[in-house]
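> Provided below for reference: sequence and predicted model.
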There are 2 protein chains.
Amino acid sequence: MDEPVTLINSFEVPPDAATQFIAAWQQTRDYLETQPGYVDTALHQSLTPEAEFRFVNVARWQSAADFAAAIQSPGFGAAAAGLAGYRPHAALYQVVRT
Amino acid sequence: MDEPVTLINSFEVPPDAATQFIAAWQQTRDYLETQPGYVDTALHQSLTPEAEFRFVNVARWQSAADFAAAIQSPGFGAAAAGLAGYRPHAALYQVVRT
């Protein structure tokens, strides 16, 4: 059975690029939320501009296969093009303790 | 007025150290959940052992001041001693888009 997964993607974004980054993230989200298995997402911004990861995206998907299909789908590349300049640190996770 | 904040702390943990890390994280959580302003926490483990950040802790606090007071409180050092061997990448965040 497929298990729900959480994508956590931490981005390195220069202090003066926050507005541009948010616009690019929104364009990517607008595409991904149309894909099968998308659950929800939350973009976190650091309180301080000089944080190592200025933005962290936490997105839930119904399965790892759904997420893989979404980022391999034909429209993803164009939708996410604006994020290309920001170094991501991404992996899929499951909650193991609360 | 104080705003709620989210601590996101990504840890570098060797593949063979997951069990030890979880035990150390639980001891830290057991202490922090007794502190004023603690809301909740979720420990995320990567699906693959070789992820850059094997564990990501996402914890909510009622304010940045509450979190700062908790990690400066007298009992924190002993409670978190088991995490000392794992390199953390931590910052405080607010959700800016969903």
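Right, received. Where do you want to start?
> wait, does the longest helix seen in chain A contact chain B?
Across chain A, the longest stretch assigned as helix under DSSP state H is helix A:18-32. Yes. Judged by Cβ under 8 Å from any Cβ of the partner chain, helix A:18-32 comes into contact with chain B at A:22, A:25, A:26, A:29. Yep, even glycine has a C-beta here, placed from its N, CA and C like the rest.
> Is the residue lying closest to the second one once chain neighbours are set aside in a helix, a strand, or coil?
Using Cβ to Cβ, 6 or more residues apart in numbering or on different chains and skipping the chain neighbours, the partner closest in space to residue A:25 is residue A:43 (5.7 Å). Of the three states, residue A:43 takes strand under DSSP: H, G, I helix; E, B strand; the rest coil.
> quick one, what contacts the residue lying closest to residue A:33 once chain neighbours are set aside?
Spatial nearest neighbour of residue A:33, chain neighbours left out: residue A:41 (7.5 Å); criterion: Cβ to Cβ, 6+ apart. When the contact criterion is Cβ atoms under 8 Å, 6 or more residues apart in numbering or on different chains, the partners of residue A:41 are A:29, A:32, A:33, A:57, A:58, A:59, A:60, B:98.
> returning to that earlier point: quick one: the residue nearest to residue A:25 and residue B:94 touch, right?
No. Between residue A:43 and residue B:94 no contact is recorded; they are 9.9 Å apart, counting by Cβ atoms under 8 Å.
> Neighbour count for these two, which is higher?
residue A:43 (22 against 14; other Cβ atoms under 10 Å in any protein chain shown).
> so how far is residue B:12 from the more buried one?
24 Å (Cβ to Cβ, to the nearest Å).
> For the closest residue to residue A:12 other than its chain neighbours, grab phi and psi.
Across the structure, with Cβ to Cβ, 6+ apart as the measure, the residue nearest residue A:12 apart from its sequence neighbours is residue A:87 (4.3 Å). The phi and psi torsions at residue A:87 (degrees, to the nearest 10) take the values phi -70, psi 120.
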